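> Would you be able to build a 3D model of this:
(chains A and B)
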Amino acid sequence: MATAAGTIAAPTTESVVWSWITTVDHKRIGALYGVTAFIFFLIGGIEALLIRTQLAVPNGNVINAELFNQLFTMHALTMIFLAIMPLGAAFFNYMVPLMIGARDVAFPRLNALSYWIFLFGGLVLVSSFIFGGAPDTGWFAYQPISSSQFSGSGMDFYVIGLMILGISSLAAALNFAVTIINLRAPGMTMMRLPVFIWMTFIVMFLLILALPVLTVALIQMLFDRQFTTSFFLPEGGGDPILWQHLFWVFGHPEVYILILPAMGVVSEVLPTFSRKPLFGYAAIVFAGIAIGFLGWAVWSHHMFTTGLGAVQQAVFSASTMAIGIPTGIKVFNWLATMWGGSIRFTTAMYFAVAFVALFTIGGISGVMHASPPVDQQQQDTYFIVAHIHYVLVGGALFGVFSGLYYWWPKMTGRLLNETLGKWNFWLMFIGMNLAFFPMHFLGVSGMPRRIYTYDSGLGWDFWNLVATVGAFILALGVLFFIINVFKTWQQEPDAGDNPWDAPTLEWATTSPPPEHDFDVIPEVHSREPVWYMRDHNLTTPEPEPGTHIHLPPPSYYPIIIAFGVLLLGLGPLSHLALTALGVPVIIYGIWGWTLEPTE
Amino acid sequence: MAAAEHQVEHHTTTGIDSRKLLMWIFLGSECLFFGSLIATYLIFKGEIDLPPFPSETHVETAYLEEALASGEITEVHKHLCHESDEAGISVCEGIFDIPLTSQSTFVLLMSSVAMVLAVYGAQHNRPMMMKSWLLATMLLGLIFLGYQVYEFRTFGQEGLTLETSQFGASFFVLTGFHGTHVAVGVLILGSLLLASFRRRGLGSEPGFQVETAGLYWHFVDIVWIVIFTVLYLIPA
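Residues are numbered from 1 along each chain as shown, chains lettered A, B, ... in the order given. Have a look, this model is predicted:
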């Protein structure tokens, strides 16, 4: 195949490592996202365990205050940007084309580029531990404590790391928004899309619209730290509250970016294991859209104690409480889906049911501090820590685990062990409740967040110890998942195409799916296409003999451009010469990318 | 046969080419990007109480003297102001040169006209027309950037820098990022122009590629119209 002058021919080597580095297959990229994010998840978990060990007893001296600040900041950044978001990305990478009946995403190379930029951005953020200390101001980096006057190089890693990760997320979001709009199989109308796809679709638009706001805030912070401006510095006439506004205009949609994919997973798992279609499909979809819209009108509830004024507080309080309505619609629809169903209690189902319960607890405590006077009391206490962990662990993470147990046979061809799975579930469920429920009590009795130690006799000793024990039980539960994966990996991949008798399109192809996903692009007649085929005695049509399925060839350019982006970002952290070097690398990468034959 | 395969390759659910759809959604993202930068400018606009001001402003002379003594402003800034007829009040010149920026705005608007003609040429199989108007669009874009460089230099000499004030910071970051977008646009158009000189030109769908680049170009142009109106034309 002829290549344009100066460009690299598409890789033809059979080497396993290179085939993964140059892959543009959405399933492989999904797997890369999943494995990478799970490793970051373990790192974030170890950070959490160190925090809980320090706080287990009064006057703990396991780690010092500086390291403690770095740990709680990095725990949040790691879990949000490097674990939950990319675990969601792993699912939507793997599942979107399969569930809408496509052969790949709209832009396969752009998809690979998203992954490599994500990996490099994550490494930049985590590497701050060895290069002069990690970010230590909390993940929200309030000003002016995160200015160059009061913080070290860790905050530069914060700015650069999040910018790089933002590019990755934006590229992925554009790609998947277009894919869902444009690559649906014949008959797959918008109102036949699986709910997981709908939630992903909403998340993509939240990312597309929220990320640029964070980017602007980070640019201004970068200028404050490196180029003598004072956007957020009061002594130079700047406005620290502006940072809070910009950050939370991004930060609150971000909360829904984390939770909506989990809601999507649960909306797939519950009908499958209740053996009846999702109750109130349209209501769940429109509730998701409503959450997506309302998510933009609530950011100031993070700022009730900054003195916004009575009218603003009332408006943001009302809009925040209003989110309880679409969320409640979803919860009742999930319950109604199970009602009267013939329920099979698999591990995936356990996690999904627990999701509904735990997320509801987190949602209700959220409505509590939607009220400004209540929030005045709860702001910056452990009550808030309890709330976010109920929605992000009990909610988002349980959704992820439900999805892992549900889709594992599709992705690997092997069923995970159900006995180990139940151990996995119960340990995580008990551990999570032991760790986070007592934090409600701690918060109400006045324990502030982010303190690295406390005196005894304040009434906090017992519940802190309980929370620490709970955190370790939770970690043990995760260990059981890892054991489960390694144990079942030895087995033959004999799960079958559709071990759960599930209704959506990904189960219409083999497990694991062929590289081209479907031999024949299926035609969709209902919201439950696989059940429709089952009930109408339809079989998957055979491909016409001699059909050639065109697949995009692997490419070196995604990783080359991602490397250029990495160089661009490393400049402000080390020497600006690296930035200067990054520009030609990116231009070369784009040039080769454009001229590379894809037919 | 080859043409038929091509048809199949680009079949989409909506009938809209995926790359064009991606560009549209990306521009939606860009709206929030420039929206945030413009919002920042507007927040700080009301708080400017010392020269350099965006437009002509009356200040108490004593206040200026005080700021000069405390080092908040320098002689360079002081020179922008002079005593007015009213006792104790100084008039400070606005730093914006609206006639000059109107010229550069006109140039950028004309570049959009050129872009439309380039797209027309590409879509109607008139490669010479496409190439010349692509070149014209690029040149007009470069002239606009030249105006911006001149403006930035002049402002620097008059004492407006990133660190002078919030006005300086938000102005330079906003217009700087807009200028960067214009520069990226010039690079895109330049690449298309270069590629069009290859033996097979812009391939089988030149109209499509030039049109998508045009979407970006027009968007950057529209953003400038907003910036020009909000920053330059609406008085403080």
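> Check which helix or strand residue B:58 maps to.
strand B:57-60 (DSSP states H and E).
> Mind listing the strands that strand pairs with, and their directions?
As defined by DSSP bridges, the strand partners of strand B:57-60 come to strand B:89-92 (antiparallel).
> Look at the residue lying closest to residue B:172 once chain neighbours are set aside and tell me its secondary structure.
Excluding its sequence neighbours, the residue lying closest to residue B:172 (CB to CB, 6 or more residues apart in numbering or on different chains) is residue B:162, at 5.5 Å. To be clear about C-beta, it is placed using only N, CA and C from the backbone, and glycine gets the same treatment. Here residue B:162 is recorded as coil under DSSP: H, G, I helix; E, B strand; the rest coil.
> Kindly provide the distance from the residue in the stretch 301-450 of chain A positioned nearest to chain B to residue A:375.
Going by CB to the nearest CB, chain B is nearest to residue A:308 of the stretch 301-450 of chain A, at 14.4 Å. Applying CB to CB, to the nearest Å, the value for residue A:308 to residue A:375 is 11 Å.
> Which of the two has more residues huddled nearby?
residue A:375 (21 against 18; other CB atoms under 10 Å in any protein chain shown).
> That one contacts residue A:302, correct?
No. Contact between residue A:375 and residue A:302 fails when scored by CB atoms under 8 Å: they sit 9.4 Å apart.
> Residue A:517: neighbour count?
Residues lying near residue A:517 (other CB under 10 Å) number 23.
> Can you list phi and psi of it for me?
Torsion angles at residue A:517 (phi, psi; degrees, to the nearest 10) stand at phi 70, psi -60.
> how about residue 54, what does it touch?
Chain wasn't specified; assuming chain A. A:60, A:62, A:63, A:68, A:452, A:453 (CB atoms under 8 Å, 6 or more residues apart in numbering or on different chains).
> Switch to chain B, please.
By CB under 8 Å, 6+ apart, the residues touching residue B:54 are B:45, B:48, B:94, B:95, B:96, B:167, B:171, B:231, B:232, B:236.
> how about those, which pair is most distant?
Greatest spatial distance among the contacts of residue B:54 (CB to CB): B:48 and B:232, at 14.7 Å.
> Let me see the contact set for residue A:393.
Neighbouring residues of residue A:393 by CB under 8 Å, 6+ apart: A:358, A:432, A:436, A:474.
> Could you pull out the buried residues of the strand holding residue B:58?
Under the neighbour-count criterion of 16 or more other CB atoms under 10 Å in any protein chain shown, strand B:57-60 has B:57, B:59 buried.
> The helix or strand just after it: which residues count as buried?
Downstream of strand B:57-60, the next assigned helix or strand under DSSP H and E is helix B:61-69. The neighbour-count check on helix B:61-69 (16+ other CB under 10 Å) flags B:61, B:64, B:67 as buried.
> swap in stretch A:355-368?
Within stretch A:355-368, the residues scored as buried using 16+ other CB under 10 Å are A:355, A:356, A:358, A:359, A:360, A:361, A:362, A:363, A:365, A:366, A:367.
> Thought residue A:267 was touching the first one, still the case?
In this case it means residue A:355. No. Under the criterion of CB under 8 Å, residue A:355 makes no contact with residue A:267, lying 10.4 Å away.
> ok, now which ones touch the most centrally placed residue in chain A?
The centroid of chain A falls nearest to residue A:85 when counting by CA atoms, centre = their mean (1.6 Å). Shown in contact with residue A:85 (CB under 8 Å, 6+ apart): A:37, A:169, A:257, A:258.
> Now for it, which secondary structure element holds it?
Taking DSSP H and E as the definition, residue A:85 sits inside helix A:85-100.
> Likewise for residue B:225?
Applying DSSP H and E, one finds residue B:225 within helix B:206-227.
> on that earlier part again, is it possible to mark the buried ones in the contacts of residue B:54?
B:45, B:48, B:94, B:95, B:96, B:167, B:171, B:231, B:232.
> okay, who's weakest in these by pLDDT?
Least confident entry in the buried ones among the contacts of residue B:54, by pLDDT: residue B:48, with 84.
> which residue sits closest to that residue, ignoring its sequence neighbours?
Excluding its sequence neighbours, the residue lying closest to residue B:48 (CB to CB, 6+ apart) is residue B:167, at 4.8 Å.
> all helices for chain B, in order.
Taking DSSP state H, the helices of chain B run over residues B:2-9, B:18-45, B:61-69, B:75-78, B:98-123, B:127-157, B:166-196, B:206-227.
> Pipe the ones you listed into TSV and attach distance to residue A:533 per row.
Listed next are those as TSV, based on distance: least, CB to CB, whole Å:
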stretch	distance to residue A:533
helix B:2-9	25
helix B:18-45	28
helix B:61-69	78
helix B:75-78	76
helix B:98-123	44
helix B:127-157	50
helix B:166-196	46
helix B:206-227	37
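> wait, which of those helices is closest to residue A:19?
Among the helices of chain B, helix B:2-9 sits nearest to residue A:19 (CB to CB), with 24.0 Å.
> average model confidence for that closest one?
Computed over helix B:2-9, the mean pLDDT rounds to 39.
> Check stretch A:544-552 too.
Per-residue scores along stretch A:544-552 average to 80.
> and residue A:286, how far is that from chain B?
Using CB to the nearest CB, to the nearest Å, one gets 21 Å for the distance from residue A:286 to chain B.
> got a list of what the residue nearest to residue B:48 touches?
Here residue B:167 is in contact with B:44, B:45, B:48, B:52, B:53, B:54, B:160 (criterion: CB under 8 Å, 6+ apart).
> doesn't residue B:51 make contact with the last one?
It stands for residue B:160. No. Here residue B:160 lies out of contact with residue B:51, judged by CB under 8 Å, at a distance of 9.0 Å.
> Is residue A:596 in contact with residue A:554, as I believe?
No. Residue A:596 lies out of contact with residue A:554 (CB under 8 Å); the separation is 10.5 Å.
> In the helix or strand hosting residue A:471, which residues are buried?
According to DSSP H and E, residue A:471 maps onto helix A:461-489. Neighbour counts over helix A:461-489 (16+ other CB under 10 Å) mark A:463-475, A:477-478, A:480-481, A:484-485, A:488 as buried.
> show me the contacts for residue 101.
You didn't pick a chain, so chain A it is. Per CB under 8 Å, 6+ apart, neighbours of residue A:101: A:184, A:185, A:186, A:188, A:505, A:518, A:521, A:522, A:524.
> was after chain B, sorry
Applying CB under 8 Å, 6+ apart, we find residue B:101 in contact with B:147, B:151, B:228, B:232.
> at 7 Å what do you get?
Residue B:101 sits next to B:151, B:228, B:232 when contact means CB atoms under 7 Å, 6 or more residues apart in numbering or on different chains.
> got the domain boundaries for chain B?
B:26-45+B:97-233, B:57-92 (automatic domain parsing).
> Off-centre distance for the shortest one?
It refers to domain B:57-92. Computed by CA atoms, centre = their mean, to the nearest Å, the chain-centroid distance of domain B:57-92 equals 32 Å.
> Repeat that for stretch A:86-102.
Counting by CA atoms, centre = their mean, stretch A:86-102 comes out at 13 Å from the chain centroid.
> Let me see the residues that make contact with stretch A:580-593.
Looking at stretch A:580-593 with CB under 7 Å, 6+ apart, the contacting residues turn out to be A:7, A:8, A:109, A:557, A:560, A:561, A:563, A:564, A:565, A:567, A:568, A:571.
> Helices - which of those residues land there?
Judged by DSSP H, those include A:109, A:557, A:560, A:561, A:563, A:564, A:565, A:567, A:568, A:571 as members of helices.
> list the buried ones in stretch A:275-284?
Result for stretch A:275-284 [16+ other CB under 10 Å]: buried residues A:276, A:278, A:279, A:280, A:281, A:283, A:284.
> could I get the residues you listed as a markdown table with secondary structure?
What follows is the buried residues of stretch A:275-284, written out as a markdown table (three-state DSSP):
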| residue | secondary structure |
| --- | --- |
| A:276 | coil |
| A:278 | coil |
| A:279 | coil |
| A:280 | coil |
| A:281 | helix |
| A:283 | helix |
| A:284 | helix |
